[in-house]
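J.: the following block contains a protein sequence and its predicted model.
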Amino acid sequence: IKDTRGIIDAILSGAINEAPTKKIPYFDFEVPTSLPGVDPAILDPRDTYADAAEWNKKAEDLAGRFIKNFAKYEGN
């Protein structure tokens, strides 16, 4: 709850816009690397996995699913 509250506070105050970020591969998400009162280990989803290779495998699969799903809407 503490970390969630810190993230929400950063969003509401605009502090999240000033936070340093890094890009998450496959999805091109910019995620903050630090926020006041938030454990930085939860900000990057890769850091929540014991095995980074497993995260990469799952992320690549999910990205492929998104691409396949959105392909049916091309031209609409």
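T.: Ah, there it is.
J.: all contacts plus neighbour counts: C-alpha atoms, from now on.
T.: OK.
J.: tell me what Lys23 is bridged to.
T.: Glu30 (DSSP bridges).
J.: ok, it - contacts?
T.: Going by C-alpha atoms under 8 Å, 6 or more residues apart in numbering, Lys23 touches 29-31.
J.: return the distance of the lengthiest helix in the chain from the chain's centre.
T.: For the chain, the longest helix by residue count, based on DSSP state H, is helix 52-71. Taking C-alpha atoms, centre = their mean, to the nearest Å, one finds helix 52-71 lying 14 Å from the centre of the chain it belongs to.
J.: stretch 7-24 now?
T.: Computed by C-alpha atoms, centre = their mean, the chain-centroid distance of stretch 7-24 equals 12 Å.
J.: on that earlier part again, what residues of the longest helix of the chain count as buried?
T.: Using 16 or more other C-alpha atoms under 10 Å as the burial criterion, the residues of helix 52-71 that qualify are 55, 59.
J.: now do Asn76, the pLDDT please.
T.: Per-residue confidence at Asn76 stands at 76 (pLDDT).
J.: which residues of the protein score low on pLDDT?
T.: Nowhere does the chain drop to pLDDT under 70.
J.: returning to what we had before: got JSON lines for the contacts of Lys23, with distance to Ile11 too?
T.: Below are the contacts of Lys23 laid out as JSON lines (distance: C-alpha to C-alpha, whole Å):
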{"residue": "Phe29", "distance to Ile11": "16"}
{"residue": "Glu30", "distance to Ile11": "14"}
{"residue": "Val31", "distance to Ile11": "12"}
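J.: of the residues you listed, closest to Ile8?
T.: The shortest separation between Ile8 and any of the contacts of Lys23 is 14.0 Å, and it belongs to Val31 (by C-alpha to C-alpha).
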